[in-house]
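Peer 1: structure, please.
(one chain, ligands or ions: 1)
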Amino acid sequence: MKPTIAPFPAARPRRTRRTAALRALVRESRLSTDDLIWPVFVRDGEDVEQPVPSMPGVSRLSIDRVAKAAREAESLGIPAICLFPYTDPALKTEDCAEAWNPDNLTNRAIRAIKTAAPGIAVMTDVALDPYNINGHDGYVVEGEIVNDESVTALVRMALAQADAGADIIGPSDMMDGRIGAIRSALESAGHKDVAILSYAAKYASAFYGPFRDAVGASGALKGDKNTYQMDPGNSDEALRLVERDLAEGADMIMVKPGMPYLDICRRARDAFGVPTFAYQVSGEYAMLKAAAANGWLDGEKVMLESLLAFKRAGCDGVLTYFAPEAARLLNG
Ligand SMILES: NCC(=O)CCC(=O)O
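Peer 2: I've put the predicted structure just below:
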């Protein structure tokens, strides 16, 4: 669409910016609590809230506290919560068997949330890194991250999460073929209504640093994730991956990280028109929090502006550690 604009002074675009009421009338994108997915870190214990130093305001929560957080999220109008486990290093192995333990942290947390806050959607993460002694999202065999064997394990993990009651499965591992494999396993197991939000365009980014501290993966990770996550220089490839994941049965797609990749959000939205999400990752959160703590930025304003930018870029919603803080402001 080519916008039509009369020559000055017939057109004075400042007319519609003159008052708050006029600006509200012509605003193109809006942020609401409906747009938020809240990522939460789960740890062992009872009544524990352990702050993550590189993510001010974010804590690892014991399951009882996760249930409480879910109730709070529900009352704030946040539609979904996404679980990430901080796994005891003693449970990390080469075969990653804890990943499909029906009683692992994530699966227990799903059940606790379903009891405490049945109205909220529970999203889970599918990748082996929280359970892998090597810190990688797939199996490591002789220094290589092997694809097909990893997919078999990821399917087991996803099935255990669906059995525990997950509403949305979020494969973040970036192995090839995992969406189709998970989709057909879910169908066969009778989980035909469990949705898949595919981390379709997940980049090998340095913005994940604080997250790896939060889930205790920084120490475990040997090497980097460049052979499976995307090269930050690529854009056409992201569209191919989104198309592939949709063809394999993804219901929704994600671009990750968020702020440095808004161009990818826009391209994906325009090309496919499917429910599109972005993940405003830990490093993005940490940057804004650090600048605000120093008084260099207005924390609340940059938070809301950064979240609105995802909507403008075509996203339906955003995974953000700011979710409860943003929701409180949005609810006024
Ligand atoms: N699979 C989930 C992540 O890698 C999150 C990254 C972040 O928040 O930095």
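
Peer 1: moving C-terminal from the lowest-mean-pLDDT helix or strand in the chain, which element do we reach first?
Peer 2: Ranked by mean pLDDT, DSSP states H and E, the weakest helix or strand in the chain is helix 209-214, scoring a mean of 90. The C-terminal neighbour of helix 209-214 among helices and strands, as given by DSSP states H and E, is helix 236-247.

Peer 1: what lines up beside whichever helix or strand comes after that next one in the sheet?
Peer 2: Next along the chain after helix 236-247, taking DSSP H and E as the criterion, comes strand 252-256. When sheet partners are counted by DSSP bridges, strand 252-256 sits next to strand 195-202 (parallel), strand 276-280 (parallel).

Peer 1: got the angle for the last one vs helix 236-247?
Peer 2: Using axes from the mean of the first three to the mean of the last three Cα atoms, to 10 degrees, the inter-axis angle of strand 276-280 relative to helix 236-247 is 120 degrees.

Peer 1: out of the strands paired with strand 252-256, nearest to A24?
Peer 2: strand 276-280 (24.6 Å; Cβ to Cβ). In short, each C-beta sits where N, CA and C put it, glycine included.

Peer 1: I would like the residues contacting the closest one, please.
Peer 2: Outside strand 276-280, the residues that touch it by Cβ atoms under 8 Å, 6 or more residues apart in numbering are 37, 39, 197, 199, 252-259, 261-262, 265, 268-269, 306-307, 310, 313-322.

Peer 1: taking the stretch 101-250 of the chain, what residue is nearest to the ligand?
Peer 2: F211 (3.1 Å; Cβ to the nearest ligand atom).

Peer 1: and that residue, what does it touch?
Peer 2: Neighbours of F211 in contact, by Cβ under 8 Å, 6+ apart: 84, 217, 281-283.

Peer 1: from those, which are also near the ligand?
Peer 2: Subset of the contacts of F211 in contact with the ligand: 281-283, counting by Cβ under 6 Å from any ligand atom.

Peer 1: which ones among the residues you listed lie within helices?
Peer 2: 282-283 (DSSP state H).

Peer 1: out of the ones next to the ligand among the contacts of F211, which end up buried?
Peer 2: Buried members of the ones next to the ligand among the contacts of F211, scored by 16 or more other Cβ atoms under 10 Å, are 281-283.
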